[in-house]
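*Asks:* Need a 3D model of the following:
(one chain, ligands or ions: 1)
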Amino acid sequence: MTLETALYHPVTIGDIVIPGNIFLAPLAGFTDRAFRSVCLSQGASFTYSEMVSAEGIARKSQNTDALMVRAEGEDLFCIQIFMPDSSVTARCLPRLLAFKPTVIDINCGCPVPKVVKTGAGSSLMRDPQKLHDIVRVLKEGCAIPISVKIRTGWDALSLNYRETADAAISAGADMITMHARTKSMGYSGVADWSKLADLKSYIMQRTAQSDRAHIPVFGSGDLFSAQAAKQMLQETLVDGVMFARGAIGNPFIFRDTLRLLTEGIQSPPTGLKDRVDAMRQQLSLLTHDKGERLACREMRKHASAYIKGLPHAAQAKQHLVRCERIADYESVFIQLLEIETKDASFVTS
Ligand SMILES: Cc1cc2nc3c(=O)[nH]c(=O)nc-3n(C[C@H](O)[C@H](O)[C@H](O)COP(=O)(O)O)c2cc1C
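*Replies:* Numbering: from 1, shown residues only. Model prediction:
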C-alpha cells in the first residue's frame, strides 16, 4: 500500500462506516440539498446540513424542516444542530429523528453574535459541562452516532479544546471535528494545525487507556486545495478532512483530493466546461427545490465563486449577480464558453 492510498480510507463513527474520509463541512447559507448533491457527485464521502436550530426543530418550524431533508442519493447524511444547553435537546429529538440522520453533530464553533449571545455555538466552548449534558441527553435518547464540532478555544488565552473534547467523549461522543481557530479569530488569520495534531494524539492516548472504541478526529481550517488536505492528513495524522470555504464554487476539490490521495496525481485547474456543467446541475437541483425565482437568487453567490479567478470573471460576475431566470444564467454561460473558445483559438493560431 502506498502512502497515498493509506491517507484515503473508510471511517467508522459509532457503528456507522463512512466509505471515505473527505467530508463536506456544514456551511450555513451554502450546504443546501443542491450543493450537497453536486459535492457528492464530485466524490465527497459524507455531507453535513447547514446548522439547524434545536429550538426551531422542537417547534416544528417549516423552514427548519427544509434544512433537514436529505438530497437525492444522499444515503449517508449528518444533521448539525445548535443549542445553548440540554434543556431543548430531548424536546427536539423526536422531530429530528423523523429525518433519519446518519449522524447528529453539535455545533460548538459558530462565532456569529446572534448565536453566541444565546449561549449556543462557540459559547459552549466556555462551558464544557453544558456540552457534556447535551451529548449525554442525545446518547440516552437515540442510538445514532453523535459528533461534535469545536474550535481550539474562545480566544488565544483560553485554548481548551482538550477539555472540551474530554467533556464530549466522556458523555459518549463518537467523533470530534476541530476547526483549528479560536472563536475570536472568526475566519481570519491562519488555522493552527499543530493543535489538530495535539488533539489527535491526545484522544488516541485517552481511548487507549479506556474501553472506548476508536474515536475519529477530523480537521477543518484553511483547506483550499487537494494538496492542503494531503498535507493536513500527513502533518496532523487526523482521520479525515472537512472542506468548507474551499468547496464553495469548487466542488471539484473532492475529485481532485480523491485523485491525489489514491493515485498521487495532481489535477490541473478545472476547465470552464466542467464549471458550467456543475453550475447547470446545481441550478437545476435548486430550482427543483425552491422554484426558479428563489433558486436564481441563491445561485448568484455560488456562481460568482465558480468563476472566481478565471479571465473575464469580473465582467461575468456583474451579469451573474443580476440573473433572475435560468435563461439569464444560460446566456452568461454561453458567452463565457464562447469567449473561452475565441481566446483558445487566438492562443493556438
Ligand atoms: C459561510 C460559512 C458558514 C459556516 N457555517 C457553519 C455551520 O453552519 N456550522 C459549522 O459548524 N461551521 C460552519 N462554518 C465553519 C466551517 O464549517 C469551517 O469549519 C471553517 O470555515 C474553517 O474551514 P476553512 O478555513 O477551510 O473554510 C461556516 C463557515 C463559513 C465560511
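*Asks:* going forward, measure contacts and count neighbours with C-alpha atoms only.
*Replies:* Fine.
*Asks:* Next up, phi/psi of Met125, please.
*Replies:* Note on Met125: its backbone torsions stand at phi -60, psi -20 [degrees, to the nearest 10].
*Asks:* was I right about it contacting Arg162?
*Replies:* No: between Met125 and Arg162 there is no contact under Cα atoms under 8 Å: 10.6 Å.
*Asks:* nearest residue to whichever residue of the stretch 1-150 of the chain sits closest to the ligand other than its sequence neighbours?
*Replies:* Distances between the stretch 1-150 of the chain and the ligand by Cα to the nearest ligand atom are smallest at Leu27, namely 3.3 Å. Leaving aside its chain neighbours, Leu27 sits nearest to Glu50 (5.2 Å; criterion: Cα to Cα, 6 or more residues apart in numbering).
*Asks:* residues of stretch 9-19 that come out buried?
*Replies:* Buried residues in stretch 9-19, counted by 16 or more other Cα atoms under 10 Å: 9, 11-14, 18.
*Asks:* of all those residues, which two lie farthest apart?
*Replies:* By the measure Cα to Cα, His9 and Gly14 form the most distant pair in the buried residues of stretch 9-19, at 16.1 Å.
*Asks:* mind giving me the domain ranges of the chain?
*Replies:* Domain segmentation of the chain under automatic domain parsing yields 3-263, 272-348.
*Asks:* weakest of the ones you listed by average pLDDT?
*Replies:* In terms of average pLDDT, domain 272-348 trails the rest of the domains of the chain, at a mean of 91.
*Asks:* does any part of that domain sit near the ligand?
*Replies:* No: against the ligand, domain 272-348 shows no contacts by Cα under 6 Å from any ligand atom, the least distance being 10.8 Å.
*Asks:* Mind jotting down where the strands sit in the stretch 201-349 of the chain?
*Replies:* Applying DSSP state E, counting those that start in this stretch to the stretch 201-349 of the chain gives strands spanning 217-220, 240-243.
*Asks:* export the ones you listed to CSV and tack on mean neighbour count?
*Replies:* Formatted as CSV, the strands of the stretch 201-349 of the chain follow (neighbours: other Cα atoms under 10 Å):
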stretch, mean neighbour count
strand 217-220, 27
strand 240-243, 26
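*Asks:* Kindly report the residues of the stretch 101-250 of the chain close to the ligand.
*Replies:* Proximity of the stretch 101-250 of the chain to the ligand (Cα under 6 Å from any ligand atom) is limited to residues 107, 109-110, 149, 179, 220-223, 243-246.
*Asks:* Where helices are concerned, which of these count?
*Replies:* Among these, no member is found in helices (DSSP state H).
*Asks:* wait, which of those residues is closest to Cys296?
*Replies:* Arg245 (20.8 Å).
*Asks:* how about the nearest residue to that closest one, chain neighbours excluded?
*Replies:* Nearest non-adjacent residue to Arg245 (Cα to Cα, 6+ apart): Phe224, at 7.2 Å.
*Asks:* The one you found: what's it in contact with?
*Replies:* By Cα atoms under 8 Å, 6 or more residues apart in numbering, the contact set of Phe224 is 243, 245-247.
*Asks:* so how far is Ile265 from it?
*Replies:* Taking Cα to Cα, to the nearest Å as the measure, Phe224 falls 17 Å from Ile265.
*Asks:* again, but for Tyr161
*Replies:* 35 Å.
*Asks:* If you count neighbours, what's buried in the biggest helix by length in the chain?
*Replies:* Ordering each helix of the chain by length in residues (DSSP H) puts helix 326-348 first. Neighbour-count burial for helix 326-348, counted by 16+ other Cα under 10 Å, picks out 326, 329, 332-333, 336, 340.
*Asks:* Please work out which residues outside that helix touch it.
*Replies:* Contact with helix 326-348 is made by 272-273, 276, 283, 292, 296, 316, 319-320, 323, as judged by Cα under 8 Å, 6+ apart.
*Asks:* got the residues you listed as a markdown table, with distance to Arg70 and neighbour count columns?
*Replies:* Output for those, formatted as a markdown table (distance: Cα to Cα, whole Å; neighbours: other Cα atoms under 10 Å):
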| residue | distance to Arg70 | neighbour count |
| --- | --- | --- |
| Leu272 | 29 | 16 |
| Lys273 | 28 | 13 |
| Val276 | 24 | 21 |
| Leu283 | 17 | 24 |
| Glu292 | 20 | 17 |
| Cys296 | 21 | 26 |
| Ala316 | 32 | 19 |
| His319 | 32 | 15 |
| Leu320 | 28 | 25 |
| Cys323 | 27 | 20 |
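*Asks:* Of the residues you listed, which belong to helices?
*Replies:* Secondary structure from DSSP H places 272-273, 276, 283, 292, 296, 316, 319-320 of these in helices.
*Asks:* rewinding a little: between Met125 and Arg162, which one's more packed in?
*Replies:* The residue with more neighbours, out of Met125 and Arg162, is Met125; 28 against 16, by other Cα atoms under 10 Å.
*Asks:* Give the full set of residues in contact with that one.
*Replies:* 108-109, 131, 150-151, 153-154, 160-161, 164.
*Asks:* swap in Pro19?
*Replies:* Contacts of Pro19 by Cα under 8 Å, 6+ apart are 9-11, 45.
*Asks:* Would you mind giving those residues as a markdown table with distance to Phe23 and secondary structure added?
*Replies:* Listed next are the contacts of Pro19 as a markdown table, based on distance: Cα to Cα, whole Å; DSSP: H, G, I helix; E, B strand; the rest coil:
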| residue | distance to Phe23 | secondary structure |
| --- | --- | --- |
| His9 | 12 | coil |
| Pro10 | 11 | coil |
| Val11 | 11 | strand |
| Ser45 | 5 | coil |
